[in-house]
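# missing the sequence, but the structure's below:
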């Protein structure tokens, strides 16, 4: 496999960044994950971190070198993340369970399949066109589907933050799965939190991703969303890949941050999702993933990507 990748997160005007994102890959499979901790509930950043950890762990256990049943994997992994959030809340005797939205995408054998709960989104783009995007599990999206709200009015609608699905709620999550989609070289997959898509209209997102590489587009989009959000801006996070192909024979030549997995051993896994361990417990008192730490981690990740892209070509 070959793909160009970039990710970035910004705290916006919030006190804590509750967004998390990352990816794991083996020789034949790639997992992309983005979680947005729900600010209306205690420790949303903890729920988002647990979701990332659970999906990463299960991928590393089952994806050597590929996932046997992608749809089942995504459904079971998100369900397990929900259980892990509840277990964490019980272990620490929290008055309520932390909650998070999540979107995850598995790419292997030139096919992508994704799953989501809530309003963290995935866009699948080709040649400046949106081939698919996830449907938000929100009351506003329901009203738009029914023709009762004009999409142009969505950013200021009073129901824009009313979600009916997430991980960590008292009821089990309703996991929405996509069909398997065949990718072509140059296709872009974008995962983003609502801090991005609720601020920037789809046509701006598409135009930016079509005009340049994901390395150029992601920081441009995040910066634009943060600037437009101003003093009321939400956490803003984006993770995007430009797919170059399953065999990748020179397909990514000239692109920045190209990762090639051809030289990985069948049992080798690379991940930007770092284990939390004691840091996760410490998050009850002090958020270990503050803005400076996130920016430092992202910079280190991108340097590692650039280094690995040279070693693995």
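Sure thing, it's come through. Keep in mind that what you see is a predicted model, and the values were worked out from it rather than measured.
# For residue 196, which residues are in contact?
Residues near residue 196 by CB atoms under 8 Å, 6 or more residues apart in numbering: 205, 221-222, 225, 236-238. In this view, the C-beta of every residue, glycine as well, is placed from N, C-alpha and C.
# Surely it is in a helix?
Yes: according to DSSP: H, G, I helix; E, B strand; the rest coil, residue 196 belongs to a helix.
# hmm, back to that, possible to save the contacts of residue 196 as a markdown table with distance to residue 166?
Conversion of the contacts of residue 196 to a markdown table gives the following (distance: CB to CB, whole Å):
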| residue | distance to residue 166 |
| --- | --- |
| 205 | 23 |
| 221 | 24 |
| 222 | 23 |
| 225 | 22 |
| 236 | 19 |
| 237 | 16 |
| 238 | 20 |
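# mind giving me CSV with these and columns for neighbour count?
Shown next, in CSV, are these (neighbours: other CB atoms under 10 Å):
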residue, neighbour count
205, 25
221, 25
222, 22
225, 27
236, 30
237, 32
238, 31
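# Can you show me the strands along the stretch 201-313 of the chain?
236-245, 258-260, 270-271 (DSSP state E, counting those that start in this stretch).
# Any idea which of those gets closest to residue 53?
Residue 53 lies closest, by CB to CB, to one member of those: strand 270-271, at 10.6 Å.
# you'd agree residue 272 is up against residue 23?
Yes: Residue 272 lies in contact with residue 23 (CB atoms under 8 Å); the separation is 5.7 Å.
# residues shared between the contacts of the two?
Residues touching both residue 272 and residue 23 by CB under 8 Å, 6+ apart: residue 7.
# Compare these two and say which is more crowded by neighbours.
Between residue 272 and residue 23, counting by other CB atoms under 10 Å, residue 23 is the more crowded of the two (27 against 22).
# hang on, the more buried one in a strand?
Yes: counting by three-state DSSP, residue 23 is located in a strand.
# Can you give the distance of stretch 89-103 from its chain's centre?
19 Å (CA atoms, centre = their mean, to the nearest Å).
# and it, which residues are buried?
Residues of stretch 89-103 classed as buried: 89, 94, 97-103 (neighbour count, 16 or more other CB atoms under 10 Å).
# hey, where'd the helices end up in the stretch 151-300 of the chain?
194-197, 202-211, 214-229, 278-282, 291-312 (DSSP state H, counting those that start in this stretch).
# mind checking the end-to-end distance for stretch 11-25?
27 Å (CA to CA, to the nearest Å).
# typo on my end, stretch 146-162
Termini of stretch 146-162 sit 16 Å apart (CA to CA).
# Begin at 10, not 1, for the rest of this chat.
Noted, 10 is the first residue going forward, which turns the last one into stretch 155-171.
# Quick one: mean pLDDT over that stretch.
Throughout stretch 155-171, pLDDT has a mean value of 71.
# Same question for stretch 245-265.
Stretch 245-265 comes out at a mean pLDDT of 80.
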